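# Sequence plus predicted model, see below.
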Amino acid sequence: MTVTIRDVARAAGVSVTTASRAFNNKDDVSAATRARVMAAAQALGYMPNLVARGLILGKTGALGVVIADGANPVYTETLRGIEAVANRAGYSLLLCNAGESQEQALRCLTTLLHNRVEGIVLTPVQTDRRDIERLQAAGVPFVLALRYFPDLPTDYVAPDHALGSYLVARHLLELGHRRLAHIAGPTHLSSAAGRLAGYRRALAEAGLACEERHVVSGPFTIAGGYEAGLRLLTGNDRPSAIVAGNDLQAIGALKAARALGLRVPDDVALAGGDDIPLMDMLEVPLTTFHVPLFEIGARAAAVLLAKLAGQTQD
């Protein structure tokens, strides 16, 4: 038998209106009455209908999260940060994976908006801006995480992609490497553009030209790094070191080097970015730069919650 709020009110000795106001934390319900209502609800196994309550109050206590690629471990730590802050504030999360597809991202947003989430943290796919336009048209508060549009005034939390790539490239240059290649991410992504810019800055400061043949773009995946690694490492003009756009690409390049019979780091040095846990498990340690993914997720959630509260954060 389904337990209703009427059953709870009867068991607690209060009216249905009082029981409802107790569940909604109204100030005119005493602490003793609220405790009695909650005790009755627990004893009866009653669960409030959050969707119905959300329709009445305009609040569902839920935030939406759209990640760009569920297969990328970067999002695991980022999600942990979002969840920690959201849960502490009493919010639950509804998670969607865009799979680096703008069409899927739009379907994700439709699902989240139909579920009346109060705000959304989004990692945009960036092949176009329809996802941002959809959110702006819906009037739902949102914050971008990890990626952003440099020419679009939106709230975002992202690392300094250029600085990370610059630091690992400079490290390899300081080790004596002069033929330094880069496996870039997809050209439409702000993260890829930043990491390419960091690599180019390091070369320029060392007085070296950026040879376009030593820059190969590919997906931010192991397969993308493998294909790019094969292209860069085949032939007599191969680089002595590769700065991959992220750790997954670096692992793919390591796989390519092994397939070609090259030793790492003796024949070619490899570096990546993000510092995902998988890097610690490799037989050959690869240089990487750390990205505070948990903190980025936590900060994005905090900015979103501030927007919901009508506040602004620097």
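Nice, thanks for sending it over. Given the structure is predicted, the values throughout are model-derived calculations rather than measurements. Residues are numbered from 1 along each chain as shown.
# and residue 151, what are its phi and psi?
As for residue 151, its main-chain torsions (degrees, to the nearest 10) stand at phi -100, psi 10.
# How many residues are close by it?
Neighbour count of residue 151, defined by other CB atoms under 10 Å: 5. Where you see a C-beta, it was placed from the backbone N, CA and C, and this is true even at glycine.
# same question, residue 40
What residue 40 shows, counting by other CB under 10 Å, is a neighbour count of 21.
# Give the buried residues for the helix or strand containing it.
Here residue 40 sits within helix 31-44, counting by DSSP states H and E. Buried residues in helix 31-44, defined by neighbour count with 16 or more other CB atoms under 10 Å: 33, 34, 36, 37, 38, 40, 41.
# Could you do stretch 185-193 as well?
With burial defined by 16+ other CB under 10 Å, the residues of stretch 185-193 counted as buried are 185, 186, 189, 190, 191, 192, 193.
# Distance from the chain centre to that stretch, please.
15 Å (CA atoms, centre = their mean, to the nearest Å).
# in stretch 210-217, what counts as buried?
Residues of stretch 210-217 classed as buried by neighbour count (16+ other CB under 10 Å): 214, 215, 216.
# mind putting the residues you listed in a markdown table, secondary structure and pLDDT included?
Formatted as a markdown table, the buried residues of stretch 210-217 follow (DSSP: H, G, I helix; E, B strand; the rest coil; pLDDT from 0 to 100):
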| residue | secondary structure | pLDDT |
| --- | --- | --- |
| 214 | helix | 95 |
| 215 | strand | 97 |
| 216 | strand | 97 |
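# so residue 200 touches residue 209, yeah?
No. Counting by CB atoms under 8 Å, residue 200 sits too far from residue 209 to count as a contact (9.9 Å).
# Just checking, which helix or strand succeeds the lowest-mean-pLDDT helix or strand in the chain along the chain?
Least confident element among the helices and strands of the chain, by mean pLDDT, DSSP states H and E: helix 50-57 (a mean of 54). Sequence order places strand 62-67 as the next helix or strand after helix 50-57, per DSSP H and E.
# still on that earlier bit, more neighbours: which of residue 200 and residue 209?
residue 200 (19 against 9).
# Can you tell me the element that one falls in?
Assigned by DSSP H and E, residue 200 belongs to helix 190-205.
# Show me how far that helix is from its chain's centre.
21 Å.
# How are the strands of the stretch 51-200 of the chain distributed by residue range?
62-67, 92-97, 119-122, 142-145, 156-157, 180-184 (DSSP state E, counting those that start in this stretch).
# before we move on, what about the stretch 201-314 of the chain?
With DSSP E, counting those that start in this stretch as the criterion, the stretch 201-314 of the chain has strands at 215-217, 241-244, 269-271.
# Just checking: what are the partner strands of the second one?
Think strand 241-244. Strand 241-244 sits in its sheet next to strand 180-184 (parallel), strand 269-271 (parallel), going by DSSP bridges.
# Take those strands and write them to a markdown table, including mean pLDDT and distance to residue 136.
Output for those, formatted as a markdown table (pLDDT from 0 to 100; distance: least, CB to CB, whole Å):
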| stretch | mean pLDDT | distance to residue 136 |
| --- | --- | --- |
| strand 180-184 | 97 | 30 |
| strand 269-271 | 96 | 38 |
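# quick revisit: the strands of the stretch 201-314 of the chain: which one's closest to residue 280?
strand 269-271 (15.0 Å; CB to CB).
# For that closest one, buried residues please.
Across strand 269-271, burial judged by 16+ other CB under 10 Å covers 269, 270, 271.
# Next, the contact list for the last one, please.
Residue 271 makes contact with 168, 169, 171, 172, 241, 242, 243, 244, 250, 286, 287, 288 under the criterion CB atoms under 8 Å, 6 or more residues apart in numbering.
# again, only using 7 Å
168, 172, 243, 244, 250, 286, 287, 288 (CB atoms under 7 Å, 6 or more residues apart in numbering).
# neighbour-wise, which of those leads?
residue 243 (37 neighbours).
# Just confirm it contacts residue 167, I think it does.
No. Using CB atoms under 7 Å, residue 243 is not in contact with residue 167, being 10.1 Å away.
# quick one, what contacts the nearest residue to residue 85 once chain neighbours are set aside?
In space, and not counting its chain neighbours, residue 85 is closest to residue 301: 3.8 Å by CB to CB, 6 or more residues apart in numbering. Residue 301 sits next to 81, 82, 85, 86, 121 when contact means CB under 7 Å, 6+ apart.
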